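Participant: When you get a sec, could you give me coordinates for this:
(2 chains)
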There are 2 protein chains.
Amino acid sequence: MTTIGPTRRGMLAGVFGTALMPALPFGLGALVPAGARADALTSAATLAGREVPARLLPVPDTVSAALRPVFAAPPTPGWDRFPAGTDTAGWRALQRQTGAGPHPILAEIGERLGVSVTRAVLGGVPVFVSKPANMPPRNRDRVLMHLHGGGYVLFPGEIGAGEGMMMAGYGGFTVVSVDYRMAPDFPFPAALDDAASVWKALLAEHHPRRMAVFGTSAGGGLTLALMLKAKAEGFLMPAAIAPGSPWVDLAPRGDTLAANEFVDNVLVSIDGWVGTAGRLYAGTTSLDNPFLSPINGDFRGLPPAILTSGTRDLLLSDTVRAHRKLRQAGVEAALQVFEAQSHAQFLTPFVPETEEAFGEITAFFDRHLAV
Amino acid sequence: MTTIGPTRRGMLAGVFGTALMPALPFGLGALVPAGARADALTSAATLAGREVPARLLPVPDTVSAALRPVFAAPPTPGWDRFPAGTDTAGWRALQRQTGAGPHPILAEIGERLGVSVTRAVLGGVPVFVSKPANMPPRNRDRVLMHLHGGGYVLFPGEIGAGEGMMMAGYGGFTVVSVDYRMAPDFPFPAALDDAASVWKALLAEHHPRRMAVFGTSAGGGLTLALMLKAKAEGFLMPAAIAPGSPWVDLAPRGDTLAANEFVDNVLVSIDGWVGTAGRLYAGTTSLDNPFLSPINGDFRGLPPAILTSGTRDLLLSDTVRAHRKLRQAGVEAALQVFEAQSHAQFLTPFVPETEEAFGEITAFFDRHLAV
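Facilitator: Numbering: from 1, shown residues only, chains lettered A, B, ... in the order given. Have a look, this model is predicted:
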């Protein structure tokens, strides 16, 4: 919506040739003379990609007042300041820093959403169990398992349970958040193994039709990887899953890694900390391994899924590619994309859009889980 | 995925301050010290928006081979070459140009998808009726009404029926494409009145539970506007609708108008031809009028809807805002977003993604329409 000055217009016209036809009602190339298309495609510049000019991204007026400052904020401080991939001590220190309390936000979530949290160990893995003060009777025997985000490196301990607390509060469910082992000390498949251990322990006590698994970012990818592991090893899957902005392709691939670079103010760029964190987790395993990058797996037979993302999300492509692949595999899969949100901003506590996102996930789980 | 050189990193670090914390697992602001947040928000630069640097947008490798050249293509020639808003003769000429045949693409669609087209008049309005060679028995008594795109100015005549032909071919339905009157000679509400006239004529011959309405871009907005008109005037609505990349806010508003400017290679910018075309159609009516910008209407009671867009779509925000508003109103609404697609590129004939998009719409209609 930037005003195009004559110079900018002129430059683009110069680059792309003279007017032929405005945008088309269908089939982009339908009305453009074949000659013009062929000329454009044989140029090395076109095959290398297209240059997108610098632009001002205004603060959107199409979101709640509470979210406008969140979207107006500059890139998350630290997105581009991180240890080298070989600096194990540096990553350990950063990991500790992200886990170190106190965490006033967790106390606030607990108080405002009426959620209490207890520590436990399930399947030999530390977990946090969130329980809502008010639980609908239909949720009494239902349990959700939660896998936190943080690029498989960050947010150890209770801070990783924050999303689980919100699900407990907004949805009225019991939620078990897995404090899985992480890189650099415990690379792949430690996180997946821990998720599977907790899941199997839950299976021993609860019917899988009364359970769901969810998580965001790395936790969304891990949710899908766990389903692939269940298929491979023959243990039962839950009645539904909710991967949020799931990181499903660590290679990394996906058009919004480029299109939303610097548009997303959370991850900002795959060349920020997250790309290195993913490679730390992968260790010596190929980034294309489906248990690391579940987009490369076979999604047939996966449980009904609801996926959430935002229009500015660096991982919007990961999300929509996973959605399409689920649909191609015949899986019931719902997609919700929130206006102007960067990566995982549907988890911003106490704003209307977050309540709406959790409301949709709650309704989806309620429809698919047995009572 | 651009490589960040030291200079670029340094510049951003200089602008945004020193490292505090990597991106967060939930609640973007949760771990960022409140002081840092407040400082950022009080700067005039932040309130004005954020600068996004120039970037190279590579050709995506996550789409079908057939679509890669479509996405690699430079902005549609002519996107920024259009008559002034006062140049009525210029717009008439451009309109005629977009309608003038021959249209080999229509012959190709007809041949490859087995679709025949006949002209008719319904409710006093010219229409094109597309019929598939192979119609499933369950579709014998079903009829779809189609409203074409083109900013309420372009694509008069049979070229406007191309999307309807594809729906007939991919879905096996009878499709009635409305050749509605357009600006500059027939501004609002001519297009909506014509759509309503055809719809009422169809209602006289077919049960509304056996009908659906669909269209893309302006045709998607018009589809939603027609539903609002049905509510206001008390005529019956169809069993389902499929607004594709619907233009629901002519004001114009929506974050991807900025975020996807120059990323979208079809519309390219709202400051291209399409913004002026919309204002021509509106004439003296406020752009906020819900029959022009249905996002401002009351969506309660609307039929089940499936919406389609792409991650590079300039109108991705229009699409997801309409989806959220439908869901908020309690309407069953599905969303599908295709990797790396610009505006309306899910209508590119004969590529796998287009077959997939129409397949989803067909399944949705099949689920909701009576036999």
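Participant: Name all residues that make contact with residue A:255.
Facilitator: A:317, B:60, B:62, B:63, B:311, B:312, B:339, B:340 (C-beta atoms under 8 Å, 6 or more residues apart in numbering or on different chains). Heads up, the C-betas are built off the backbone N, CA and C, glycines and all.
Participant: One more: residue A:367?
Facilitator: Per C-beta under 8 Å, 6+ apart, neighbours of residue A:367: none.
Participant: Give the buried residues for the helix or strand encompassing it.
Facilitator: Element membership for residue A:367 (DSSP states H and E) is helix A:352-368. Judged by neighbour count (16 or more other C-beta atoms under 10 Å in any protein chain shown), helix A:352-368 contains these buried residues: A:353-358, A:360-362, A:364-366, A:368.
Participant: got those residues as JSON lines, with distance to chain B columns?
Facilitator: What follows is those, written out as JSON lines (distance: C-beta to the nearest C-beta, whole Å):
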{"residue": "A:353", "distance to chain B": "8"}
{"residue": "A:354", "distance to chain B": "9"}
{"residue": "A:355", "distance to chain B": "11"}
{"residue": "A:356", "distance to chain B": "7"}
{"residue": "A:357", "distance to chain B": "10"}
{"residue": "A:358", "distance to chain B": "11"}
{"residue": "A:360", "distance to chain B": "7"}
{"residue": "A:361", "distance to chain B": "12"}
{"residue": "A:362", "distance to chain B": "13"}
{"residue": "A:364", "distance to chain B": "11"}
{"residue": "A:365", "distance to chain B": "16"}
{"residue": "A:366", "distance to chain B": "15"}
{"residue": "A:368", "distance to chain B": "15"}
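Participant: Of the residues you listed, which pair is most distant in space?
Facilitator: A:353 and A:368 (23.0 Å; C-beta to C-beta).
Participant: Look up how far chain B lies from residue A:119.
Facilitator: Counting by C-beta to the nearest C-beta, to the nearest Å, the separation of residue A:119 from chain B is 18 Å.
Participant: Now for the nearest residue to that residue once chain neighbours are set aside: which residues touch it?
Facilitator: Counting by C-beta to C-beta, 6 or more residues apart in numbering or on different chains, residue A:119 lies nearest to residue A:128, which is 6.1 Å off, once chain neighbours are set aside. Remark: with contacts taken as C-beta under 8 Å, 6+ apart, residue A:128 is in contact with A:117, A:118, A:119, A:120, A:158, A:160, A:161, A:164, A:176, A:177, A:179.
Participant: change it to 10 Å
Facilitator: Contacts for residue A:128 (C-beta atoms under 10 Å, 6 or more residues apart in numbering or on different chains) come out as A:106, A:117-120, A:146, A:148, A:157-162, A:164-165, A:175-179.
Participant: List buried residues within those.
Facilitator: A:106, A:117, A:146, A:148, A:157-162, A:164-165, A:175-179.
Participant: The residues you listed in helices, which ones?
Facilitator: Using DSSP state H, the subset of these located in helices is A:106, A:162, A:164, A:165.
Participant: Surely the third one touches residue A:144?
Facilitator: It refers to residue A:164. Yes - using C-beta atoms under 10 Å, residue A:164 is in contact with residue A:144, at 7.8 Å.
Participant: Please report how far residue A:251 lies from chain B.
Facilitator: 10 Å.
Participant: And for that residue, nearest residue in space, chain neighbours not counted?
Facilitator: residue A:287 (4.8 Å).
Participant: same thing with residue A:296?
Facilitator: Per C-beta to C-beta, 6+ apart, closest to residue A:296 is residue A:290, 4.5 Å.
Participant: show me what contacts that neighbour?
Facilitator: A:224, A:225, A:228, A:229, A:232, A:248, A:296, A:297, A:298, A:299 are the contacts of residue A:290 under C-beta under 10 Å, 6+ apart.
Participant: 6 Å instead, please
Facilitator: By C-beta atoms under 6 Å, 6 or more residues apart in numbering or on different chains, the residues touching residue A:290 are A:228, A:296, A:297.
Participant: which of those residues has the most neighbours?
Facilitator: residue A:297 (21 neighbours; other C-beta atoms under 10 Å in any protein chain shown).
Participant: give the contact list for that residue.
Facilitator: A:228, A:290.
Participant: picking up where we left off before, pretty sure the residue nearest to residue A:119 sits in a strand.
Facilitator: Yes - under DSSP: H, G, I helix; E, B strand; the rest coil, residue A:128 sits within a strand.
Participant: what about it, distance to chain B?
Facilitator: Where chain B is concerned, residue A:128 sits at a distance of 13 Å (C-beta to the nearest C-beta).
Participant: Let me know the distance separating that residue from residue B:345.
Facilitator: 44 Å (C-beta to C-beta, to the nearest Å).
Participant: which SS class is residue A:346?
Facilitator: helix.
Participant: Give me the local confidence score for it.
Facilitator: Looking at residue A:346, its pLDDT is 97.
Participant: Then residue A:102?
Facilitator: pLDDT, read off for residue A:102, is 89.
Participant: Around it, count how many other residues there are.
Facilitator: Using other C-beta under 10 Å: residue A:102 sits among 8 other residues.
Participant: Now do the contacts for the most centrally placed residue in chain A.
Facilitator: Geometric centre of chain A, nearest residue: residue A:245, 2.2 Å, by C-alpha atoms, centre = their mean. Contacts for residue A:245 (C-beta under 6 Å, 6+ apart) come out as A:216, A:217, A:309, A:313, A:315, A:319, A:343, A:344.
Participant: that older thread, okay if I get the contacts of residue A:255 as a markdown table plus neighbour count?
Facilitator: Listed next are those as a markdown table, based on neighbours: other C-beta atoms under 10 Å in any protein chain shown:
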| residue | neighbour count |
| --- | --- |
| A:317 | 29 |
| B:60 | 24 |
| B:62 | 18 |
| B:63 | 22 |
| B:311 | 30 |
| B:312 | 28 |
| B:339 | 25 |
| B:340 | 29 |
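Participant: Show me which pair in the residues you listed is furthest apart.
Facilitator: B:62 and B:312 (12.3 Å).
Participant: how many other residues sit next to residue A:61?
Facilitator: Counted with other C-beta under 10 Å, residue A:61 comes out at 12.
Participant: Tell me the secondary structure at it.
Facilitator: coil.
Participant: gap between it and chain B?
Facilitator: The value you get for residue A:61 to chain B, if C-beta to the nearest C-beta is used, is 7 Å.
Participant: cool, residue A:146 as well?
Facilitator: 11 Å.
Participant: Beta-bridge partners for that residue, please?
Facilitator: residue A:177, residue A:214 (DSSP bridges).
Participant: quick one: contacts for it?
Facilitator: A:164, A:175, A:177, A:214, A:215.
Participant: Quick check, the second one in contact with residue A:164.
Facilitator: Yes - in this structure, residue A:175 sits in contact with residue A:164. The criterion is C-beta atoms under 6 Å, and the distance is 4.2 Å.
Participant: Give me the common contacts of these two.
Facilitator: A:130, A:146.
Participant: got the contact list for residue A:292?
Facilitator: So residue A:292 contacts A:188, A:250, A:282 (C-beta under 6 Å, 6+ apart).
Participant: Select from these the one having the most neighbours.
Facilitator: residue A:250 (30 neighbours).
Participant: name the element that one belongs to?
Facilitator: Going by DSSP H and E, residue A:250 is not in any helix or strand.
Participant: element containing residue A:131, please.
Facilitator: strand A:125-132.
Participant: Could you pull out the buried residues of that strand?
Facilitator: Under 16+ other C-beta under 10 Å, the buried positions of strand A:125-132 are A:125, A:126, A:127, A:128, A:129, A:130, A:131, A:132.
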